[in-house]
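1. Pasting the sequence and the predicted model now:
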Amino acid sequence: MAVITLTSDFGYTDHYVAAVKARLLSLNPQATVVDISHGIEPFNIPQAEFVIRSVFHEFPEGTVHLIAVDTHGCRRGKYHAAKYRGHYFLVADNGLLSLITDGEPEVVVELQTDDMFLPSPAKDLLAPAALFLAKGGDIDVLGERTTSFRQLLNRQLRLNDHAITGHVIHVDRYGNLITNITRDSVETIAHGRAYTIHFGRETIGRVFPTYNQVDDGDCCCMFNSLGQLSIGINKGNASELLGLGFDSQVDVRFYPGS
């Protein structure tokens, strides 16, 4: 039986997460359920997309990802099961699926439901569907195939010969600012040239391997394990101290002849 992961905006103080797990384990006590995060901010689709895209590929192929974020976000009450890169995703029709898959899932079906309104879609609809897929069930049994699901677009980089403009796409628990500027994009444009990184009122001229390579309280940039340019303050909260957050602009500028 495949692993089932849970991601939600339910938080950790209420019974909502436990209710979904109780449903899964009541239907199959042998189910393997792994929490990704339940600390997604309520209805925060970009945050959920970042967290899931950062880690889903670390799980074995065939893993089923139940995503209970903004589960009542669609007035039409649509919910989908999708297959993408060997993984399954169960999610409300709120645009999250298009972000995770870059709009190109291999298969999408609209889950069958006889109810016009589900008080707890994660528990009553997505959990049974997740178990069905985890046990090797055919996704097409869950509903009709569709190409109609809400589309959202990920932030795109702006590139030219002398600069890259990106944005902060996530602020982690430590206040680190994670951008959509990748190591590959920087190396492709740089061609060995020196560059500086600009954000807020700050200019940084060097990328370090880790944040602790600078003194406590100093700001630095690094590429994280996913190859994304990240801005942090050693032993400090960069988001709070720099006054930057989600969607803040970050520029990398290259210098001819250097």
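-> That came in fine, so what should we check first?
2. Could you list the low-pLDDT ranges of the chain?
-> Counting by pLDDT under 70, the ranges of the chain that qualify are 73-76, 115-116, 257-258.
3. Tell me which stretches of it form helices.
-> With DSSP state H as the criterion, the chain has helices at 16-27, 45-55, 96-100, 121, 127-134, 183-190, 238-242.
4. Quick check: which of those is nearest to residue 215?
-> For those, the distance to residue 215 is smallest for helix 238-242, at 14.4 Å, taking C-beta to C-beta. Using the backbone N, CA and C atoms, a C-beta is placed for each residue, glycine as well.
5. Let me know how buried residue 97 is, in neighbour terms.
-> Residue 97 has 25 neighbours, counted by other C-beta atoms under 10 Å.
6. residue contacts, the closest residue in space to it that isn't next to it in sequence?
-> In space, residue 97 comes closest to residue 91 once its chain neighbours are excluded; the distance is 5.1 Å by C-beta to C-beta, 6 or more residues apart in numbering. Applying C-beta atoms under 8 Å, 6 or more residues apart in numbering, we find residue 91 in contact with 67, 69, 79-80, 82, 97, 100, 126.
7. Closest one of these to residue 4?
-> Of the contacts of residue 91, the one sitting nearest to residue 4 (C-beta to C-beta) turns out to be residue 126, at 10.1 Å.
8. Skipping adjacent residues, who's closest to that closest one in space?
-> residue 90 (4.5 Å).
9. was I right about that neighbour contacting residue 129?
-> Yes - in terms of C-beta atoms under 8 Å, residue 90 counts as a neighbour of residue 129; the distance is 5.6 Å.
10. Quick check: neighbours shared by the two?
-> Joint contacts of residue 90 and residue 129 (C-beta under 8 Å, 6+ apart) are 81, 111.
11. quick one on the thing from earlier: partners of the residue nearest to residue 126 in the sheet?
-> residue 66, residue 81 (DSSP bridges).
12. how much space is there between it and residue 66?
-> Distance, residue 90 to residue 66, using C-beta to C-beta, to the nearest Å: 5 Å.
13. same question, residue 100
-> 13 Å.
14. do the same with residue 187
-> Counting by C-beta to C-beta - residue 187 and residue 66 are separated by 37 Å.
15. what about those two, which has more around it?
-> Ranked by neighbour count (other C-beta under 10 Å), residue 187 and residue 66 place residue 66 first, with 25 against 11.
16. residues in contact with that one?
-> 4-7, 20, 90, 122, 126-127, 130.
17. Which member of the residues you listed is positioned nearest residue 238?
-> Closest approach between the contacts of residue 66 and residue 238, by C-beta to C-beta: residue 7, at 24.7 Å.
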